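> no FASTA, just this:
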């Protein structure tokens, strides 16, 4: 029972697109949050500075949303065990598949990358399947 | 200056996610719940806006010889539809559908003080470390090729 507002969805999407374009135009980097996060926290990585700074910008955005309109932030309906399983799957899966909703779903599709189109189709499908199983077979 | 644009990109990205409603996991779950009778198409518009804008701008930007502050664009080089890609995306989607968070919105919501999001993010970081650990245990798995996943464009 969530509200659907096409205008704010589109506006938010445009802002996301501009964020992606900004990072690419000025810094030549693909905006993939999972890769940026994994590399920012990896001891193996030699190029952590810009990634940490990106995460700092993301963090300031989170704080500003909290201060201006906290209703924009919702909690997941799942209990702690579900959140932990989900986090492990998202972290491991995005590392193995080299990307997430931003890297594959937005950047990759914008570049018409076949890998990203396949990845997006796969994660949309398993996402839908998971929601079907959890909401309609197990019963939330 | 080159640090400023990275920071602004992160900030814009977070605000875009928030305005788009993507930091509300219920909206993600309702989008993925195509048979539930309360389908929320928001994400289609978010993706449409983001991909639409970026598809146009990408074509303009890539005409440049190099980005404004760097010597070269850093692009993914892999082309192969590998089993790892499909398995990884499959696992990712299952976790995404379960919690309603993907990495960006999860991080933004945890910075906003959501304990649910913070729990998710901590587990996500563990999952990422777990991958790197398993990766370093399998030296025969061609680690160098993985590290070369992105490289300056010629």
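All right, it came through fine. As the structure is a prediction and not an experimental result, all values here were calculated from the model.

> what packs against the longest helix along chain B?
The residue-count maximum for a helix in chain B (DSSP state H) belongs to helix B:115-137. In terms of contacts (3 or more CB pairs under 8 Å, 6 or more residues apart in numbering or on different chains; DSSP states H and E), helix B:115-137 is packed against helix A:33-40, helix A:80-97, helix B:103-111, helix B:143-147. The way it works is simple: take the backbone N, C-alpha and C, and place the C-beta from them, glycine included.

> buried sites along it?
B:116-121, B:123-125, B:127-129, B:131-132, B:135 (16 or more other CB atoms under 10 Å in any protein chain shown).

> run the chain-centre distance for that helix.
Put simply, helix B:115-137 sits 15 Å off its chain's centre (CA atoms, centre = their mean, to the nearest Å).

> kindly provide the whole-number mean pLDDT of that helix.
Regarding helix B:115-137, the rounded mean pLDDT is 95.

> angle of that helix against helix A:80-97?
Angle, helix B:115-137 to helix A:80-97, by axes from the mean of the first three to the mean of the last three CA atoms, to 10 degrees: 40 degrees.

> can you tell me what sits against helix B:115-137?
Applying CB atoms under 8 Å, 6 or more residues apart in numbering or on different chains, the contact partners of helix B:115-137 are A:34, A:37-38, A:41-42, A:44, A:73, A:75-76, A:78, A:80, A:83-96, B:25, B:99, B:101, B:103, B:105-107, B:109-110, B:141, B:143, B:146.

> now do the strands in chain B.
B:74-76, B:150-152 (DSSP state E).

> comparing those, which gets the lowest mean pLDDT score?
Of all these, strand B:150-152 carries the lowest average pLDDT, namely a mean of 52.

> hang on, the earlier thing: restricted to buried residues, select the contacts of helix B:115-137 in PyMOL.
Buried members of the contacts of helix B:115-137, defined by 16+ other CB under 10 Å, are picked up in PyMOL with:
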select buried, (chain A and resi 34+37+38+41+73+75+76+78+83+84+85+86+87+88+89+90+91+92+93+94+95+96) or (chain B and resi 25+99+101+103+105+106+107+109+110)
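
> how far away from the center of its chain is the lengthiest helix in chain A?
Ordering each helix of chain A by length in residues (DSSP H) puts helix A:6-27 first. Taking CA atoms, centre = their mean, the mean C-alpha location of helix A:6-27 is offset from the chain mean by 13 Å.

> same check, this time on stretch B:11-30
That offset, for stretch B:11-30, works out to 13 Å (CA atoms, centre = their mean).

> just stretch A:109-121 next, same as before
15 Å.

> can you get me a residue count around residue 112?
All of this refers to chain A. Residue A:112 sits with 10 neighbouring residues when counted by other CB atoms under 10 Å in any protein chain shown.

> wrong chain, I was asking about chain B
For residue B:112, using other CB under 10 Å, the count is 24.
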